[in-house]
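Engineer: Sequence first, then the predicted structure:
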Amino acid sequence: MSQRKRIYMDHAATSWPKPDIVLDAMDSFARHCGATAGRGGYDSAVASSNIIASARHTLGTIIGAPSDDCVSLQPSGTAALNAAIHGVLRPGDHVVTTAAEHNSVLRPLHHWQRNHNVRLTIVPTDSGGRVDADELIAAVADQTRLVTLTSASNVTGAIQPVEAVGKRLANHSAIFLCDAAQSFGTIAINAAHCCIDMLAAPGHKSSGGPAGTGFLYVAPRIHDQIVPMIQGGTGSQSESLEMPSSMPTMLEAGNLNVPAIAGWLETLKALSPDELANRTLHAAKTASLLHRSLRKISGITLHANSSDLPIASITSPDYSASDLSMILDSEFAIETRAGLHCAALIHDCIGTSPEGTLRISAGHTTTTQEIESVVAAIQQIVQPAAQ
């Protein structure tokens with residue numbers, strides 16, 4: 001890898017750099033503990049179990065869970081979403097989802113549509129990637145089993161009306177699943193207040209944890225409706241060939257990734273209400289600067305109707321998204337992502353199919369100077385071609 005100073009602008013994919021407290025905690029656990037959680041009564045095994053319990057409690061506090069038992073630790077956001085979707089769907093069900101969703105939602109739903117006669121209604125977004133709450137609610141029928149809505153688009157950064165949808169579904173039998181991958185760690189979200197039945201997120205994005213971490217919150221009202229997708233050892237009820245029927249154990253077969261969770265826990269403990277408020281403010285200011293600056297450049301189109309999260313998708317008539325990304329990397333050491341961003345359907349709504357966009361995504365560590373450098377580099381690339 002080049003020794004030039006990197007400007008990392010792919011935070012929507014994963015956060016970087018990871019805080020030293022994360023790396024130190026992972027190293028310390030691996031070197032000095034290393035035991036599995038829930039598999040023994042000796043000191044290091046108890047220490048490992050305490051890390052799991054602390055992570056579960058800290059997550060529950062952040063998202064407003066009524067009980068720590070509502071929080072299942074998962075190896076990724078994708079695993080959490082699969083556990084949720086496969087856990088509650090039954091053949092013949094009706095599901096309402098949106099074009100803003102990531103493939104970690106859409107592909108499992110497509111599997112159920114193709115193989116289990118699930119009926120799927122996909123609500124489009126507007127040209128900036130935002131879902132209309134009224135349109136989504138209008139698609140919900142009496143027999144709807146599941147409604148899914150991402151908290152924010154990973155393509156345009158548009159924040160979705162999660163609270164409005166959740167509260168309007170509160171008296172409906174449908175289960176409400178929210179994918180908080182792009183907002184968890186940046187914007188406060190209270191699952192109970194927003195009437196969210198299942199909330200999933202990875203740990204490696206805005207919350208600053210390592211890969212291999214994530215969680216699934218399951219509201220008490222649907223604990224008896226979810227079926228575990230994976231069966232195996234849990235360290236409890238080992239005499240039975242049936243999986244435990246209680247949360248969170250029923251969704252945690254196999255050894256948890258305690259080294260990664262130990263690192264993640266350190267950043268979770270730092271996510272106080274004040275810290276989240278500061279990150280929300282920083283995200284809003286960064287998004288405003290990024291979008292405002294990009295709109296001034298002739299020769300590109302910014303695909304957004306508002307500046308919510310600091311994610312910007314752009315296209316140029318003179319350069320493909322992949323060429324723009326390659327030039328930014330090779331000539332300016334600016335790291336971005338080009339393509340569909342694992343969310344193909346939204347591109348039909350914002351007019352960027354089939355190629356996709358160049359995505360620039362900042363994080364809570366991104367500086368004003370870095371934003372200005374990115375904008376200047378894009379201007380230098382595209383404006384000679386536009387003249």
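Structural biologist: Nice, I can see it.

Engineer: can I assume residue 55 is in contact with residue 268?
Structural biologist: Yes. Counting by CB atoms under 8 Å, residue 55 does reach residue 268; the two are 6.6 Å apart. For the C-beta atoms, the positions are set from N, CA and C on the backbone; glycine is no exception.

Engineer: Pick out whichever of these two has more residues nearby.
Structural biologist: Between residue 55 and residue 268, residue 55 has the larger neighbour count (other CB atoms under 10 Å), namely 26 against 23.

Engineer: Tell me where the stretch 51-200 of the chain has strands.
Structural biologist: Remark: strands assigned in the stretch 51-200 of the chain by DSSP state E, counting those that start in this stretch are 71-74, 94-98, 119-123, 144-150, 175-179, 198-202.

Engineer: deepest of those, which one?
Structural biologist: Ranked by mean neighbour count, the strands of the stretch 51-200 of the chain are led by strand 198-202 with a mean of 30 (mean count of other CB atoms under 10 Å).

Engineer: Show me what counts as buried in the following helix or strand past that strand.
Structural biologist: Per DSSP states H and E, the first helix or strand lying C-terminal to strand 198-202 is strand 214-218. Of all the residues in strand 214-218, those buried under the rule 16 or more other CB atoms under 10 Å are 214, 215, 216, 217, 218.

Engineer: how about CSV for the strands of the stretch 51-200 of the chain, with mean pLDDT and distance to residue 342 added?
Structural biologist: Below are the strands of the stretch 51-200 of the chain laid out as CSV (pLDDT from 0 to 100; distance: least, CB to CB, whole Å):
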stretch, mean pLDDT, distance to residue 342
strand 71-74, 98, 18
strand 94-98, 99, 15
strand 119-123, 99, 16
strand 144-150, 99, 12
strand 175-179, 99, 12
strand 198-202, 99, 13
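
Engineer: can you list these in JSON lines and add distance to residue 246?
Structural biologist: As requested, those are exported to JSON lines (distance: least, CB to CB, whole Å):
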{"stretch": "strand 71-74", "distance to residue 246": "11"}
{"stretch": "strand 94-98", "distance to residue 246": "26"}
{"stretch": "strand 119-123", "distance to residue 246": "31"}
{"stretch": "strand 144-150", "distance to residue 246": "22"}
{"stretch": "strand 175-179", "distance to residue 246": "19"}
{"stretch": "strand 198-202", "distance to residue 246": "16"}
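
Engineer: Among those, which comes closest to residue 242?
Structural biologist: Closest approach to residue 242 among these is made by strand 71-74 (17.9 Å; CB to CB).

Engineer: Where is the longest helix in the chain?
Structural biologist: The longest helix of the chain (DSSP state H) is helix 273-295.

Engineer: quick one: contacts of the strand or helix carrying residue 259?
Structural biologist: Element membership for residue 259, per DSSP H and E: helix 258-269. Outside helix 258-269, the residues that touch it by CB atoms under 8 Å, 6 or more residues apart in numbering are 18-19, 21-26, 28-30, 33-37, 48, 51-52, 54-55, 58-59, 62, 73, 185, 203, 207-213.

Engineer: And for stretch 87-95?
Structural biologist: Contacts for stretch 87-95 (CB under 8 Å, 6+ apart): 109, 112, 116-121, 141, 143-148, 175, 198, 222, 225-229, 251.

Engineer: Residue 347 - nearest residue in space that isn't next to it in sequence?
Structural biologist: residue 353 (4.2 Å; CB to CB, 6 or more residues apart in numbering).

Engineer: The longest helix of the chain packs against which elements?
Structural biologist: strand 301-302, strand 311-315, helix 368-386 (3 or more CB pairs under 8 Å, 6 or more residues apart in numbering; DSSP states H and E).

Engineer: Buried ones in the last one, by neighbour count?
Structural biologist: What it means is helix 368-386. Applying 16+ other CB under 10 Å to helix 368-386 flags 370, 371, 373, 374, 375, 377, 378, 379, 381, 382 as buried.

Engineer: And the protein, what are its domain boundaries?
Structural biologist: 7-17+274-382, 20-271 (the TED database).

Engineer: pLDDT averaged over stretch 56-68 - what is it?
Structural biologist: Stretch 56-68 carries an average pLDDT of 98.

Engineer: roughly how far is that stretch from the heart of the chain?
Structural biologist: What separates the centre of stretch 56-68 from the centre of its chain is 17 Å, taken as CA atoms, centre = their mean, to the nearest Å.

Engineer: same thing with stretch 151-160?
Structural biologist: 10 Å.

Engineer: List the buried residues of it.
Structural biologist: Buried-residue list, stretch 151-160, by 16+ other CB under 10 Å: 151, 152, 153, 154, 155, 156, 157, 158, 159, 160.

Engineer: go on, stretch 90-108?
Structural biologist: Under 16+ other CB under 10 Å, the buried positions of stretch 90-108 are 93-106, 108.

Engineer: All set, thanks.
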